[in-house]
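Chemist: following is a predicted model, sequence given first.
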Amino acid sequence: MFVLRPRRIKVVFRSLLAAVAVFSFASDRVRGEDADSSAGDGEVMVLGPRQFERDTNGGAVLCAWSIYLAVQTVTSACRLPPGPVDDAIDEAIVAMDDFILAHSSLHPTRSMLDNFKGELAASRFPAVEWELDGKGLPRLCSSDGREQIVDQVRSMQPDNIRARVAELLAVPREPVMNPCL
């Protein structure tokens, strides 16, 4: 379980803003309840009002999903040493992908979800943080630049992540962003 600290609140807020920006960015869109399950590969999901409702049945799936995606992105970009926790994070993302595909009123296709994840990874951090340092790594990889939440999530026990995700996905419902942490 995460403890809310001022810096973490800032990090989560930045994550949510990035997620909203990505959900809103596209020339071809699927909006809220108007989603068509036959949407093409070039379409991008856009959050509707239902995705911002408050979850009362187990937690905000989209919030947890965006955090795990950010951790996965930083881990890969910074070439952090792989560990068992990374396998648990990868498994969590796959399970949440399946949950979103099965329960979202947006009716995204796998392709739409994959496109979204790529856009989220690209927009998650300001461009300056992707500039390379003297070691050939993005600036966000320095211990000062890397967000504290990445290190905190990566220090969790894999079984704790698996148990939390199983609990989070136990009740079929609309995946939402709120409450986030």
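Modeler: Perfect, I can see it now. Numbers count the residues shown, from 1 in each chain.
Chemist: can you get me a residue count around Ala170?
Modeler: Residues near Ala170, counting by other CB atoms under 10 Å, number 11. Every residue, glycine included, has its C-beta placed from N, CA and C.
Chemist: now do the contacts for the nearest residue to it once chain neighbours are set aside.
Modeler: Closest residue to Ala170 apart from its sequence neighbours, by CB to CB, 6 or more residues apart in numbering: Gly58 at 6.0 Å. Contacts for Gly58 (CB atoms under 8 Å, 6 or more residues apart in numbering) come out as Glu167, Leu168, Leu169, Ala170, Val171, Arg173.
Chemist: which of the residues you listed count as buried?
Modeler: For the contacts of Gly58, a neighbour count by 16 or more other CB atoms under 10 Å gives the buried set as Leu168, Leu169, Arg173.
Chemist: ok, those vs Asp114, which is closest?
Modeler: Within the buried ones among the contacts of Gly58, distances to Asp114 taken as CB to CB reach their minimum at Leu169, with 19.2 Å.
Chemist: host element of the nearest residue to the closest one once chain neighbours are set aside?
Modeler: Once flanking residues are discounted, Leu169 sits nearest to Phe99: 4.9 Å by CB to CB, 6+ apart. Phe99 belongs to helix 84-103 when assigned by DSSP states H and E.
Chemist: and the very next helix or strand once past that helix, which residues are buried?
Modeler: As assigned by DSSP H and E, the chain's next helix or strand after helix 84-103 is helix 110-123. By 16+ other CB under 10 Å, the buried positions in helix 110-123 come out as Met112, Leu113, Asn115, Phe116, Lys117, Glu119, Leu120, Ala121.
Chemist: tell me the one of those residues nearest Glu43?
Modeler: The closest of the buried residues of helix 110-123 to Glu43 turns out to be Met112 (CB to CB; 5.6 Å).
Chemist: please put the alpha-carbon coordinates of stretch 105-114 into CSV.
Modeler: C-alpha atoms of stretch 105-114 as CSV (Å, rounded to 0.1, in the frame of the first residue of the first chain):
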residue,chain,number,x,y,z
SER,A,105,-17.6,1.1,-21.9
LEU,A,106,-15.2,2.6,-24.5
HIS,A,107,-14.9,-0.9,-26.1
PRO,A,108,-11.3,-0.5,-27.1
THR,A,109,-9.7,-3.0,-29.4
ARG,A,110,-6.3,-4.6,-28.5
SER,A,111,-4.7,-2.4,-31.2
MET,A,112,-6.3,0.8,-29.7
LEU,A,113,-5.1,-0.1,-26.3
ASP,A,114,-1.5,-0.8,-27.6
